[in-house]
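Enquirer: Sharing a model that was predicted from the sequence below.
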Amino acid sequence: MTERVEIEQRGRYADELAVGQVYLHRPGRTLTEADNVLFTTLTMNPQALHLDHAYAAAQPFGRPLVNSMLSLSTLVGLAVGQTTQGTLVAQLGLGEIAFPKPVFHGDTLYGRSEVTAIRESSSRPGQRIVTFAMTGENQHGDVVVRAQRTCLMWTAQAHAEAKAKAADAAGTGERA
């Protein structure tokens, strides 16, 4: 009988990251008009540039723009699987956000994250603060969004110890 091997998809632990590493987030995500309308209305943003084709047609870009917050959210979402899935303690902040070019319905967003800084948390042993420089490009290679993302992340050993402690506290005795 073959031994069963279970593999759980996760991001990287802080101790697996190094300054200068670049993660390319593929596949990309094509942003549709439906995505834009849903996100814009869900977040209660009445900006006519996102919702009103006739209004947008009379503006400088001549057509509706994808909500910039949708572009930013999608960029972060593209990164999660490779960087922080299951290894994040908390997202500490987003900064230096810029939208150098517009995103239109039907554009595909591709992302990349570069590790720019890592330091030990001074108040949380076994956890590190990791900073990523994130860049989103459309299908033509135009940069459409940039942001700095700062995260509190587990080290592998500290996370394993925390999961084991939680399992013991729950009375299951299982090792996570």
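Expert: Sure thing, it's come through.

Enquirer: all helices for the chain, in order.
Expert: Taking DSSP state H, the helices of the chain run over residues 33-42, 48-51, 53-57, 68-83, 156-169.

Enquirer: what's the neighbour count on residue 28?
Expert: Residue 28 has 17 neighbours, counted by other C-beta atoms under 10 Å. Backbone N, C-alpha and C define where each C-beta goes, glycine included.

Enquirer: does residue 120 really touch residue 126, like I thought?
Expert: No: assessed by C-beta atoms under 8 Å, residue 120 is found out of contact with residue 126, at 9.1 Å.

Enquirer: So for those two, which sits in the more crowded spot?
Expert: With neighbours defined as other C-beta under 10 Å, residue 120 and residue 126 compare such that residue 126 has more, 18 against 13.

Enquirer: what about the nearest residue to that one once chain neighbours are set aside, how many neighbours?
Expert: Excluding its sequence neighbours, the residue lying closest to residue 126 (C-beta to C-beta, 6 or more residues apart in numbering) is residue 158, at 2.4 Å. Using other C-beta under 10 Å, residue 158 has 19 other residues around it.

Enquirer: so what's residue 158 up against?
Expert: 125-127 (C-beta atoms under 8 Å, 6 or more residues apart in numbering).

Enquirer: of all those, which comes closest to residue 165?
Expert: Ranked by distance to residue 165 (C-beta to C-beta), those are led by residue 126 at 11.5 Å.

Enquirer: can you tell me how far that closest one sits from residue 152?
Expert: Going from residue 126 to residue 152 by C-beta to C-beta, to the nearest Å gives 11 Å.
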